[in-house]
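1. Dropping a prediction and its sequence here:
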Amino acid sequence: MFGFAMGLLDLDKIIIKRTILGIRCNSCGGNLVLSSQKTVSARIIRLVSFGSVHPKCYECEQCQKRYLLL
Ligand SMILES: [Zn+2]
């Protein structure tokens, strides 16, 4: 059971790395920059995962649309 959960986590990491490499805004294709502001959903995810997940908030340079990366 535990090994299965760890496998899932490893899979998640791979997906996350791929997402960060090609980081672009879905709406306008602009650059996403790391935002210093923490969103409410980022706090909830961190709380639920007991601090094991550190969500990062990104903001589009052009349209200011926000993204949450896990
Ligand atoms: Zn944008």
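-> On my side now, so go ahead. Numbering: from 1, shown residues only.
2. what's the following helix or strand after the least confident helix or strand in the chain by mean pLDDT?
-> Each helix and strand of the chain was given a mean pLDDT (mean pLDDT, DSSP states H and E); the minimum falls on helix 2-21 at a mean of 51. Using DSSP states H and E, the helix or strand that follows helix 2-21 towards the C-terminus is strand 32-34.
3. and that following strand, anywhere near the ion?
-> No - under the criterion of C-beta under 5 Å from the ion, strand 32-34 makes no contact with the ion; the nearest approach is 7.9 Å. The C-beta positions use only the backbone N, C-alpha and C, and glycine is treated the same way.
4. what residues are up against the residue nearest to G30 when sequence neighbours are not counted?
-> Nearest residue to G30 in three dimensions, chain neighbours excluded: Q62, at 3.5 Å (C-beta to C-beta, 6 or more residues apart in numbering). For Q62, the set of contacting residues under the criterion of C-beta atoms under 8 Å, 6 or more residues apart in numbering consists of C25, C28, G30, N31.
5. Give me the phi and psi for the nearest residue to P55 once chain neighbours are set aside.
-> Spatially, and ignoring its direct neighbours in sequence, P55 is nearest to A42 (4.1 Å; C-beta to C-beta, 6+ apart). Comment: the main-chain dihedrals of A42 come out as phi -60, psi -40, following degrees, to the nearest 10.
6. A42 against C57, yeah?
-> Yes - between A42 and C57 a contact is recorded at 5.8 Å, counting by C-beta atoms under 8 Å.
7. Nothing else from me, thank you.
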